[in-house]
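Enquirer: All I have is the shape, not the residue letters:
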DNA sequence: TGTAATTAGTTGCTTATTGCAAGTGGGCTG
DNA sequence: CAGCCCACTTGCAATAAGCAACTAATTACA
């Protein structure tokens, strides 16, 4: 882990890793939508492939995700979140609520409502799903 | 509220407002550290004044903060979070926890621990403090 | 009252990042 | 084996970040 921080503040340090317009969109697809393929990630927003590549590399370097070869199709690669990535689910969940309340994007209003009603339960469920997805796609050792 | 969104996803829409390396650092100072003056905000990380100015303008435009004249010192201005800004406290709080656990920044380890122990209580307390700070600094109508 | 110090904000310039579009190359598929 | 897929790569123009010096208004103090 590098030690050239802007300050000793964990918020600033976190933003050095995930603080941009795309990283959390990528993680949303990996963590909440169980997308694993390059071509699926960020496709909803039309992310440029070079930006996507850059973010996947940075996230891999930060041990937030990992990259594997597809078991049968040699063209494909599989991107999976690590435990460190899974622990970012709370941040994503909060952004769903804030974004639903304070921006024009209302795409998952029901989910926002569910989060408000039982945040811990929703996070637990999402984390379990992410762990399961990871296990299902991880190449057998 | 503008309607040219990247997608209907509230996460993506939120990131269009607060998704960069500096915005949440600015909000951290306004929301959690009760800083109100231009020269205090982001000073810990040495933010450039033009970047700070830009972020304060964007946040004001997004109605996340408001800008007032200082009651006695004509040189100063006061920046205060709105309710919309206060509702971002949960995001900051989650970043404190994640950043403390997964980056080299350990500046507020005790607070991270307190959040893990009683997240809702900590958020409630911080929000109350922010509301109080706002009321104390708001020019009397 | 005049001079220096504060505070907020601006400008000019350089470097880094983003976004778009087109291209490459290994690997499947019919 | 021809063509398509999928994951990348490259080149280039536009945008944003970062640095440092500068302005303008106000205040504090000798």
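Expert: Structure received. On a predicted model such as this, the values are computed, not experimentally measured, just so you know.
Enquirer: count of residues packed around whichever residue of chain A sits closest to DNA strand D?
Expert: Going by Cβ to the nearest atom of the strand, DNA strand D is nearest to residue A:39 of chain A, at 3.0 Å. (C-beta placed from N, C-alpha, C; glycine too.) Burial of residue A:39 is recorded as 10 neighbouring residues (other Cβ atoms under 10 Å in any protein chain shown).
Enquirer: Check which helix or strand it maps to.
Expert: Under DSSP states H and E, no helix or strand contains residue A:39.
Enquirer: State the phi and psi torsions of it.
Expert: phi -70, psi -20 (degrees, to the nearest 10).
Enquirer: Compute the distance between it and DNA strand C, please.
Expert: Distance, residue A:39 to DNA strand C, using Cβ to the nearest atom of the strand, to the nearest Å: 11 Å.
Enquirer: tell me, what residue is most central in chain A?
Expert: Centroid-nearest residue in chain A, with Cα atoms, centre = their mean: residue A:27, separated by 1.6 Å.
Enquirer: The strand or helix carrying it - what's its average pLDDT?
Expert: Using DSSP H and E, residue A:27 sits within helix A:23-31. Averaging pLDDT along helix A:23-31 gives 97.
Enquirer: ok, now how distant is the residue of chain A closest to DNA strand D from chain B?
Expert: The gap separating residue A:39 from chain B is 17 Å, by Cβ to the nearest Cβ, to the nearest Å.
Enquirer: Report pLDDT for that residue.
Expert: Note on residue A:39: pLDDT of 95.
Enquirer: Helix, strand, or coil at the residue of chain A found nearest DNA strand C?
Expert: Going by Cβ to the nearest atom of the strand, DNA strand C is nearest to residue A:74 of chain A, at 2.8 Å. At residue A:74 the chain is in coil, as set by DSSP: H, G, I helix; E, B strand; the rest coil.
Enquirer: Quick one: neighbours of it, just the number.
Expert: With neighbours defined by other Cβ under 10 Å, the count for residue A:74 comes to 8.
Enquirer: Stretch A:67-75 near DNA strand D at all?
Expert: Yes - counting by Cβ under 7 Å from any atom of the strand, DNA strand D has neighbours in stretch A:67-75: A:67, A:75.
Enquirer: now residue A:93: how far from residue A:20?
Expert: Using Cβ to Cβ, to the nearest Å, residue A:93 is found at 19 Å from residue A:20.
Enquirer: The two: which is more packed in?
Expert: Neighbours per residue (other Cβ under 10 Å) separate residue A:93 from residue A:20, with residue A:93 holding more: 25 against 17.
Enquirer: Beyond the stretch of helix or strand that one belongs to, next helix or strand please.
Expert: Residue A:93 belongs to helix A:89-102 when assigned by DSSP H and E. Next helix or strand after helix A:89-102 toward the C-terminus (DSSP H and E): helix A:109-117.
Enquirer: Packing partners of that next one?
Expert: helix A:89-102, helix A:119-137 (3 or more Cβ pairs under 8 Å, 6 or more residues apart in numbering or on different chains; DSSP states H and E).
Enquirer: Find the residue closest to residue A:34 in space, skipping its chain neighbours.
Expert: Leaving aside its chain neighbours, residue A:34 sits nearest to residue A:133 (4.6 Å; criterion: Cβ to Cβ, 6 or more residues apart in numbering or on different chains).
Enquirer: repeat for residue A:87
Expert: Nearest non-adjacent residue to residue A:87, counting by Cβ to Cβ, 6+ apart: residue B:98, 5.9 Å away.
Enquirer: Neighbours of that neighbour, how many?
Expert: Using other Cβ under 10 Å, residue B:98 has 23 other residues around it.
Enquirer: Hmm, it is touching residue A:14, no?
Expert: Yes - Residue B:98 is within contact range of residue A:14, at 5.7 Å (criterion: Cβ atoms under 8 Å).
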